[in-house]
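Engineer: coordinates for the following, if possible.
(chains A, B and C)
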Amino acid sequence: MSGPTGHNPLITDSGIGLDEVEEARAIPSRKRFKTVPRKVWIGAAIITAFALVAIFAPLLAPFDPLAQDPVNNLTPPDSTHLLGTDELGRDVLSRLIYATRTDLPIGLLAALFPFLVGTVLGTLAGFFGGFIDALTMRISDIVQAFPSYILVIALVFVLGPGAKSILIAFTALGWVVYARIIRTEVLRVRSADYVKAAKVSGLPTRGILVRDVFRNSVGPSLVYFPSDIVFATLALAAFSFLGLGIPPPTPEWGAMIADGQAHIREQWWLSTLPGVMIVLLGLGYSLIGDGLEESLDK
Amino acid sequence: MLFAIVLVVFLLLQITPGDPARQVAGLRAPDEQVEKVRESLGLTDPIIVQYWRYATSALGGDLGYSYKSQQPVTEIIGERLEPTIWLMVLGTLLAILISVPLAVIAALRRDKLADHMVRGFGLVGIGMPAFWIGVMLILLVALPTGWFPVGGFGGDPLEKLRSITLPAVTLAIGSAPILIRSLRASILNILQSDYVATARSIGMPPRVVLRKFVLRNAAASTVTLLALEIGFLLFGAVVIESTFAINGVGEGIVLAARGRDMALIQGYTLMFALVVVFVYLVSDAVIAMLDPRVDIGS
Amino acid sequence: MSRILEVSDLEIELELDGSTISPVRGASITVDRGEILGIAGESGSGKSLTLKSLIGLLPRHGMAKGTLLFSQDGGEPSPYDPADVRGRGISMVFQEPMTALNPTMRVGDLISIGPRFHEGLSRRQAKARTLDLMERVGLPDAERRAKMWPHELSGGLRQRVMIAVALSTKPELLLCDEPTTALDVSVQDQILGLLQQLRTDLGMEIVFVSHDLAVIGELCDRVAVMYAGRVLETGPTTDLLSDPRHPYTAGLIASIPSFDRLDIEPRGIPGQPPDPAVESSGCPFADRCAFTKDDCRTTPFHLTGTRDRQTACIHPEVLRDGRPA
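Structural biologist: Here you go, the predicted model:
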């Protein structure tokens, strides 16, 4: 918009004024997440603590989590077994500690793979439109018509129990959400004025895709990611609880809750403690997700 | 859409490892007998024919026969429907009763103590596995008070109600954090809308504004929200039924998966998918009733 | 005194992301009996917030200071509670007709809810009042229209409904926040005509906020020009438009496209308004003004002139020496 003299007057009577200035400041930069709220750090601290426990499990756990001692089973907490023993005489504390090696990485990957697959597909669909977009959306429509967890049961049934099946099943179904989230964002950003401006001024297409569009679209996906990790971890625990997940004797919190249910009357801590672990882990991720959402809003 | 669902379910059976003919004939049967069984089961026909047979009989209500349980699949599923219906209906009602008031309070008293408490509950609650909540309720409510059975689904309607109460409460508590989070956001959105400002500008007191301007507009999105979460709720039913030994379809599908009963798994998956489609249709109709902007075109 | 509204030294502060900004820094406006006052200014001048503060509709983290006097029963203006006066003396018409009407209420119900609550009218009485109002605002076929949902009406009709809603509580003063900005030009004219009619028929006062000086010129008796949270100039419309006493006002006038003089290009005012987070004491327009002198920035901001004609410019004589370069 240039006036007769060639310079750029801010025409003040058409309501552009301050709004245009806001738009200009919204040009993408990595500083999108301005002030990271405190809760993100608290959440990160919790997750890091769990990660450290997982890494240093052999040093931290007093016993071998798989070592059975049927004679001394179901003992209450005492000086040797700080949290008692389970129905096969295994040390509960050690099993809780070692379970981090199962629940943490698998839960994380079960959300990471869908994130990667979905984000790539969704960006392509949103940016290039046409056939890719139509195909992706059709497939995701069909996938979304199914109750996803039920389908995971079916897939796990087909593929057999274990971590690999769960990861495959989750990836095959979970990518859809990420694809939709980022596709919406890409479509929104694509039509934003500053992208059109860049196109008009002749910047190459690929450059536009990677730099500006993607960086501005990935926000909501990143916000959703931590809560997806929580859902994935919960689902993993649930499947193990049902006997369809990680096969015994590998320590896993959900399975421990199932094992402990039969003894809930006397040895209530067998089922309670693993649940507390899951809640804490969930809290950590949720704080991160919530905090990211707050800093994205502004 | 329906055909796509049936197709996927059918394909599941095809890729499952294991030989159905051998399973029927017996592990030690001679090969030629297995072949005869295979022919009689129609497994030697081309895939398309098999699919067509399955699809048409399924739509006619015949979901095949489970050799494991020696019963037609449709019968098995039918027997288990009632407890799950009780659980889902009561659980969803309780979930709404908990979530809506809490979300409204949190939205109205934004950033004050009540809001922080509700959101805190949400953060912690999201990480709580439904089965763990169930076990905790058994520990803290059923065992001490003896008012509710720790499992099973009872005889006369009063017994049924009593035995389904704790499971329904579990379902409600398990879904509340997610529902509250979305509802709160949606109500906050409404509170900042122009039409609420209009209401205030003509001096409407908070009570009236809440009833006629806020809740009415939140109703449609609440229904949408519930419909979207149906997959989550169904899986919750699956897990909770296993926790409380309720003989519903949730427990059924888990047993089928554990017992590697292929026909039954197919049947359950199909049933759940149909339930989801049905729920979507019903919710669309309800939304059309609640929101005058929606066209009842479909 | 024939004043019905007196606002003195209004200051509004907002808290955004931990920092405080002052979008309104000492604004004073008055409304006389039977008058239509226009508040002109660009986006960010504080005019909308000023209006909203009159009925206490400030954003969540907002604080207002100042003196608000309103004549509630025909007497002298007296202090009032902005939250109380809503629907009981002052009403507001909003900018966006598309979003200002409750989508889940029928148009007729929306118009009658005010009277039913404030005056305790019965269904039948409220219905009569509603139909009457709808005709008054130019909504023919009122009986049928009253049963319609907002989304079934066009923008112009919705704005009329909005006005009817505002009128339903029989206000003495009607506040209009850019009510024509979102409408087509032809519809704009109709609404302006309607407002003028209402003033004549109902003896109502109107405060009309807009960034469009041309629209204000058509409708208002007096104008207050706002910039960066302050009132820079006030006066009767014809006087102000033909003989502006502040360079900013002159700049605004020059930027109005005119069909009569196609040879004169509308000229914008180069530069941007000052940052609302930063304090300043002198003239807020100094950085963009073509005639700035040294004492413009150092002399504390104040208004001079008569009751009906004021300006904040300490060197208004520059405007008599010709149009700004």
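Engineer: where's C:S48 relative to C:D239, distance?
Structural biologist: Look at C:S48 and C:D239: by Cβ to Cβ, to the nearest Å, they are 25 Å apart. (Glycine included, C-beta is placed from N, CA and C.)
Engineer: of these two, who's got more company?
Structural biologist: Taking neighbours as other Cβ atoms under 10 Å in any protein chain shown, C:S48 and C:D239 compare with C:S48 leading, 22 against 14.
Engineer: in chain B, what residue spans correspond to strands?
Structural biologist: Here chain B has its strands, by DSSP state E, at B:65-66, B:71-72.
Engineer: counting contacts, what elements does the first one pack onto?
Structural biologist: Judged by 3 or more Cβ pairs under 8 Å, 6 or more residues apart in numbering or on different chains; DSSP states H and E, strand B:65-66 is in contact with strand B:71-72, helix B:73-108, helix B:262-290.
Engineer: would you indicate which residues of the last one are buried?
Structural biologist: By neighbour count on 16 or more other Cβ atoms under 10 Å in any protein chain shown, the buried set for helix B:262-290 is B:262-273, B:275-277, B:279, B:283-284, B:286-288, B:290.
Engineer: tell me where the stretch 151-300 of chain C has helices.
Structural biologist: Taking DSSP state H, counting those that start in this stretch, the helices of the stretch 151-300 of chain C run over residues C:155-167, C:185-202, C:213-219, C:237-242, C:247-254, C:294-298.
Engineer: among the helices and strands of chain A, which has the poorest mean pLDDT?
Structural biologist: Within chain A, confidence by mean pLDDT, DSSP states H and E is lowest for helix A:17-25 among all helices and strands, at a mean of 28.
Engineer: for the residue nearest the centre of chain B, list the residues it contacts.
Structural biologist: Nearest residue to the geometric centre of chain B (Cα atoms, centre = their mean): B:L234, 1.9 Å. Listed by Cβ atoms under 8 Å, 6 or more residues apart in numbering or on different chains, the contact partners of B:L234 are A:147, A:149-150, B:88, B:250, B:272, B:275-276.
Engineer: could the residues you listed go into CSV alongside pLDDT and distance to C:H246?
Structural biologist: CSV is the format used below for those (pLDDT from 0 to 100; distance: Cβ to Cβ, whole Å):
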residue, pLDDT, distance to C:H246
A:P147, 75, 67
A:Y149, 79, 68
A:I150, 78, 71
B:M88, 93, 69
B:G250, 89, 75
B:F272, 85, 72
B:V275, 85, 70
B:V276, 84, 66
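Engineer: which among those residues gets closest to A:L244?
Structural biologist: A:Y149 (11.1 Å; Cβ to Cβ).
Engineer: contacting residues around the closest one?
Structural biologist: Neighbours of A:Y149 in contact, by Cβ under 8 Å, 6+ apart: A:235, B:231-232, B:234-235, B:238.
Engineer: just A:M137 next, same as before
Structural biologist: Counted by Cβ under 8 Å, 6+ apart, A:M137 has contacts A:A125.
Engineer: what residues sit buried inside the helix or strand where it lies?
Structural biologist: Taking DSSP states H and E as the criterion, A:M137 maps to helix A:130-145. Neighbour-count burial for helix A:130-145 flags A:133, A:136, A:140, A:143-145 (criterion: 16+ other Cβ under 10 Å).
Engineer: what is the lowest-pLDDT residue among these?
Structural biologist: Across those, the member with the lowest pLDDT is A:A145, scoring 69.
Engineer: low-confidence regions, the stretch 1-150 of chain C specifically.
Structural biologist: Filtered on pLDDT under 70, the stretch 1-150 of chain C yields the residue ranges C:1, C:17.
Engineer: residue of it nearest chain B, please.
Structural biologist: C:G87 (2.4 Å; Cβ to the nearest Cβ).
Engineer: circling back: please identify the most buried of the strands of chain B.
Structural biologist: strand B:65-66 (a mean of 20; mean count of other Cβ atoms under 10 Å in any protein chain shown).
Engineer: which ones are touching B:R293?
Structural biologist: Applying Cβ under 8 Å, 6+ apart to B:R293 gives the contacts C:103, C:149, C:151.
Engineer: what's the PyMOL syntax to select whichever of the residues you listed are buried?
Structural biologist: For the buried members of those, the matching PyMOL selection, counting by 16+ other Cβ under 10 Å, is:
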select buried, chain C and resi 103+149
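Engineer: quick one on the thing from earlier: take the strands of chain B and write them to a markdown table, including mean pLDDT.
Structural biologist: Below are these laid out as a markdown table (pLDDT from 0 to 100):
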| stretch | mean pLDDT |
| --- | --- |
| strand B:65-66 | 70 |
| strand B:71-72 | 77 |
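Engineer: ok, which of those comes nearest A:I46?
Structural biologist: strand B:65-66 (46.0 Å).
Engineer: looking at the stretch 101-250 of chain B, what residue ends up closest to chain A?
Structural biologist: In the stretch 101-250 of chain B, the residue that lies nearest chain A is B:G127 (1.7 Å; Cβ to the nearest Cβ).
Engineer: give me the number of residues near A:L296?
Structural biologist: A:L296 has 14 neighbouring residues, counting by other Cβ under 10 Å.
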